[in-house]
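Asks: Show me the folded form of this:
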Amino acid sequence: MFVLELTYTAPLERVDAFLDAHVEWLDAQYAAGVFLASGRKNPRDGGVILAAGVDRAEIERITAADPFSVGDVCTYRITEFHATKTVDGIAAYREELPS
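Replies: Below you'll find the predicted structure:
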């Protein structure tokens, strides 16, 4: 599983110019079953996405295609972790620790 932390690197006016395309990109990743949750940080200096079901190389490809990345208005911090405990609603994403 991955925590994707976006940090804006441009003024909000420039970020907002890419917002509609970013939301379409989010919707496509939800439809593909990769994204589980997402939202803005408070204060609004970026966002957070919870993702699963793909490997790190695919997550890096996906984040590079985000219109925010393409538009050079954010950076991504990608944190991979093993979700060994979850609420029942996302139990299908539970993982075993590697040997």
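
Asks: Mind listing the residues bridging to the most centrally placed residue in the chain?
Replies: Nearest residue to the geometric centre of the chain (Cα atoms, centre = their mean): Ile49, 3.3 Å. On the basis of DSSP bridges, Ile49 is bridged to Leu4, Ser38.

Asks: Was I right to think it contacts Met1?
Replies: No - Ile49 is beyond contact range of Met1, at 11.1 Å (criterion: Cβ atoms under 8 Å). Quick note: C-beta positions are derived from backbone N, CA and C, even for glycine.

Asks: Could you find the closest non-adjacent residue to Tyr93?
Replies: Distances taken as Cβ to Cβ, 6 or more residues apart in numbering place Ala52 nearest to Tyr93, at 4.6 Å, with adjacent residues excluded.

Asks: Please report the distance of the one you found from Ala10.
Replies: Separation of Ala52 from Ala10 (Cβ to Cβ, to the nearest Å): 29 Å.
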